[in-house]
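Trainee: test case, fold it:
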Amino acid sequence: MTSSTNTISKRVGGILLVGTILGGWATPTLAQDASAPATVATPLEAQTAAPAPSGAASGTIRSVRVVGAERLEPETIRSYANLVPGQSYTAETLDSALKDLYATELFADVVISGADTGNLTITVRENPVINRIVLEGNKKIKDDKIQPEIRLAPRQIFTRSKVRADVERIIELYKRQGRFAATVEPKTVQLDQNRVDLVFEINEGDKSKIRAINILGNDQFSDGRLQKEMYTKEAGGVLGFFKSNDSYDPDRLAADQQKLRAFYLTQGYADFRVVSALAELTPDRRDFVITYVVEEGPRYKFGKIEAQSELRDFTPEQMMRLVRIKEGDWFDAKKIKDIVTGLGEVAGIKGYAFAEVSPRYNRDPATKIMNIAIEIGESQRVYVERIDIQGNTVTRDKVVRREFRLNEGDAFNSLKVKRSQDRIQSLGFFQDKLEIKQTPGSAPDQVVLGVDIEEKSTGELQLSAGYSSLEKSVASASITQRNFMGKGQTATAGLNWSRYSRSASLGFSDPYLFDRQILLGGEIYRRDYNSFNFVGNERRTTYSQASNGGGLRLGFPITEFLSLGTRYSLVRDKITLSKDSFYTDLDGTGPRGLECDPLKAGTYLCDELGGRITSSVGYTLGFDNTNGIRASRGQRMWISQDFAGVLGDVKYIRTRADATKYIALPAGFVLSAHAEGGYIHPLSQGRDGRDAVRITDRFFGAQLRGFDIRGIGPRIQRARYNDAGVAEFDTATESDALGGRAYYMGRLEVEFPLSSGLRSLGLRPSAYIDAGSVWNIKAPNLTNIIGYCIDSVTKVSTQILAAGFVCPVGSTRSNGVRERLLGDSFKPRLSVGIGVNWVSPFGPLRIDIAKALLKQEGDDTKLFSFNVGTQF
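Mentor: Prediction:
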């Protein structure tokens, strides 16, 4: 062993550590593989072969002495060598003793001397004890992923074979990550008391990509068509940066062979097989070339279809009604699989949990016909023996158990089991893809339902800050517990602030009041909202609305999928305008005479000022049979009405309806069709020709992507008169959204499937078509005043009645405004676009790029929008 001053200074600096590279021992050197040794020889060459005993080749052992032992007792070493006084020996005996001592892997060096006299001396140098294990150079795979692969540990005896095995396991770990060029070089740093630090120096190398995929023997389908069916993709391309499946993975190679076979089986090629699949490293050892040799075989058609059943209440005739294939169709193994699954589910609904549905294939290569016989074997109707729930450390057992649609002792029903699984998943407390497993019970007619749950965090303490293209700066602070005390209750408290809105709220709800399926909840809040208009492309705050209120809600199920919710709310709100921007001293009495000026604010805003109390009761009738929070199948719909006027100043009936249908498409696509609409009917007459529905109670519609917030529907445009008495509606025109009594919106959206790597990043891209409208408002009193001449002394104003009028000497001119109503039409606005949800490290982010295809005059479009928040 040698020491190097340069090595010492680089590795530790100031601490005397001697670097020793493992290798050159009496046993085979450590190896990366058959062609590349892992280490470089160090001054241990003397150990490359055991010294042969010197002197006579035979005799009788007179004594056995052990020299160099530190931790081991001499008697232990003598027992390992199997040498005892009085024993005769030969050269073979001493050679065997030497090998036995090395085989213990306790010694770095062993020498047996004294063979010429019979006084044998065993000189040993014990293997050191490992002080610590250090990983260097690993960046792509962290220490916590590599350390489980290392079997050696601190305070264990250092052995060459175990180091070699650990090196091979680390190399294999990197190969599974697609890094076939990775190398691992084990080294030791000598310490006192025969201790060492074991260092694995790792050179990770680049990921081995798939340079090419070649397919031989495919006559019916092109290479490109077959490659679309594979998990593995060739490296490169425009989106190569986002690919996670373009690196070599032996497991993925095996899965691709199954994918190819599954594809050919759906096309009628029942005899298809993959003859060979070979992955070869390129000469530079950086990439792989994969070659498949396939044999397609003939294409089959369905022949005779038969059904056989040994279940008395599930007859062959009933089975055949569920078979959706016809004689003469091209053979498709997936259709058979779907039929088998469907028949199994029907048998499960009838109570046969373990019914075996098996297809029997009878192919005729001469006629290329595939006859199918589908059989259901004899099975007992079973009952639920018990329900086992495991893994819930916070959530109380009853919170999970009450979502089961089956009780212990009930007849088994696979449809109810599936529904139970969906309900537990919809709680949002547990891992995705939760599964209720069925295992045989204590008797043939018993089944045990078990669910092994993994709880997610349901408590959130969040401080958020971000930027929205709609609301500019956004900040919020909230605390939410969606599983309060493990009872499934929800408690919330929050503060939110943005440029146009501020709110504070407290809320609580219990979905199972007194352990009955009755929801009771309540909320109190304060909300401040600043509306805005546009002057050209610039936003300007108009009226402010301050609301203080609270509400109670009560809900209960009517059927498994149908529920009814009721509510009561009491809200006091007040609408104000900035006195600096929209008020004028119309009677010349100073601050006390300030009044809302229609020339500045518009009559439609001045008429809305003041405070009102709204007392309302309402209900919501909802239907939901979706399969979770991020649904991929089922439908969710509801209708609601609110009646204001029980007490308070405001009277109306507001009706809304909403429906969404989710459809799982092939290849992981999810289609959703959404429609919603609403109408508010006043129960009182508006004063002085005003609309009986206040601006704060009207609909402004759901957000249509491709349009700005409040970008569609009735609005007032205001143009200023110039000194020539002309008002032009140009880019400097003010625009105020008024909302409407009615609205509708429809949406078709397709969510794209992603690779597991991209899904793990929280990405959910989609493409969509949005359509909708807001309309139906009583036309407000529109202002059309050219201007005023204001006497400089008396402050008396005289309205200008004609364009070109010149104010007399001693008075000043104040130009007026002209208003017009636009956008009050039920005709649809239409937009198309793409977007992506991303649960980023900075918080949830939504990006949309949408183009408005149909719009009305006065609508405000917006091509790009995004929202992002940062959690810290």
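
Trainee: can you list contacts of stretch 515-529?
Mentor: With CB atoms under 8 Å, 6 or more residues apart in numbering as the test, stretch 515-529 has contacts from 398, 402, 490, 500-513, 544-557, 565. No exception for glycine: its C-beta is placed from N, CA and C like everyone else's.

Trainee: so how far is it off the chain centroid?
Mentor: 29 Å (CA atoms, centre = their mean, to the nearest Å).

Trainee: that stretch - what's its average pLDDT?
Mentor: Stretch 515-529 shows a mean pLDDT of 91.

Trainee: is residue 363 bridged to anything, and to what?
Mentor: residue 370 (DSSP bridges).

Trainee: could you pull up the residues touching residue 421?
Mentor: 434-436, 451.

Trainee: flag the least confident of the residues you listed.
Mentor: Pick the lowest pLDDT in these and you get residue 434, at 83.

Trainee: give me the pLDDT for the closest residue to that one other than its chain neighbours.
Mentor: Using CB to CB, 6 or more residues apart in numbering and skipping residues adjacent in sequence, the residue nearest residue 434 is residue 425, 5.2 Å away. Note for residue 425: predicted pLDDT of 85.

Trainee: separation between residue 425 and residue 658?
Mentor: Distance, residue 425 to residue 658, by CB to CB, to the nearest Å: 22 Å.

Trainee: likewise for residue 218?
Mentor: Distance from residue 218 to residue 658, by CB to CB: 49 Å.

Trainee: and residue 838, by the same measure?
Mentor: Taking CB to CB, one finds residue 838 at 26 Å from residue 658.

Trainee: same check on residue 79?
Mentor: 84 Å.

Trainee: higher neighbour count, the two?
Mentor: residue 658 (18 against 12; other CB atoms under 10 Å).

Trainee: check contacts around that one.
Mentor: Taking CB under 8 Å, 6+ apart as the test, what residue 658 contacts is 637-639, 674-676.

Trainee: tell me where the stretch 551-700 of the chain has strands.
Mentor: For the stretch 551-700 of the chain, applying DSSP state E, counting those that start in this stretch gives strands covering 562-577, 583-585, 594-596, 610-624, 634-648, 652-664, 670-682.

Trainee: show me what contacts the residue nearest to residue 434?
Mentor: 432, 434, 627-629.

Trainee: which of the helices or strands spans it?
Mentor: helix 414-426 (DSSP states H and E).

Trainee: now do that helix and strand 634-648, the angle between them.
Mentor: Orientation check (axes from the mean of the first three to the mean of the last three CA atoms, to 10 degrees): helix 414-426 against strand 634-648 gives 60 degrees.

Trainee: right, and the helix or strand after helix 414-426?
Mentor: strand 436-440.

Trainee: follow-up on the earlier one: okay, angle between the helix holding residue 425 and strand 610-624 too, please.
Mentor: 150 degrees.

Trainee: in helices, which of the contacts of stretch 515-529 appear?
Mentor: residue 398 (DSSP state H).

Trainee: most centrally placed residue in the protein?
Mentor: The chain has residue 762 as the residue nearest its centroid, 3.8 Å off, counting by CA atoms, centre = their mean.

Trainee: what about that one, distance to residue 845?
Mentor: 9 Å.

Trainee: over to residue 227?
Mentor: 32 Å.

Trainee: tell me which of these two has more neighbours.
Mentor: Neighbour count, other CB under 10 Å: between residue 227 and residue 845, residue 845 has more, with 19 against 16.

Trainee: shaky segments in the stretch 601-750 of the chain?
Mentor: 731-732 (pLDDT under 70).

Trainee: returning to that earlier point: list buried residues within the contacts of stretch 515-529.
Mentor: For the contacts of stretch 515-529, a burial check counting by 16 or more other CB atoms under 10 Å picks out 402, 490, 500, 502-503, 505, 507, 509-513, 545-547, 549-551, 553-555, 565.

Trainee: so which of the residues you listed belong to strands?
Mentor: Mapping the buried ones among the contacts of stretch 515-529 onto strands (DSSP state E) picks out 490, 502-503, 505, 507, 509-510, 545-547, 549-551, 553-555, 565.

Trainee: what ranges does the stretch 101-250 of the chain have for its helices?
Mentor: Secondary structure of the stretch 101-250 of the chain (DSSP state H, counting those that start in this stretch): helices located at 143-146, 160-176, 223-227, 250-266.

Trainee: so what touches the first one?
Mentor: The reference is to helix 143-146. 135, 138, 170, 173.

Trainee: buried stuff in stretch 63-71?
Mentor: Those would be 64, 66, 68-69, for stretch 63-71 by 16+ other CB under 10 Å.

Trainee: farthest pair within the residues you listed?
Mentor: 64 and 68 (13.9 Å; CB to CB).

Trainee: lowest mean pLDDT among the helices and strands of this structure, which one is it?
Mentor: strand 18-21 (a mean of 31; mean pLDDT, DSSP states H and E).

Trainee: so where's the stretch 401-550 of the chain uncertain?
Mentor: Looking at the stretch 401-550 of the chain by pLDDT under 70, you get 459-476, 499, 532-541.

Trainee: please consider this matter closed, and thank you.
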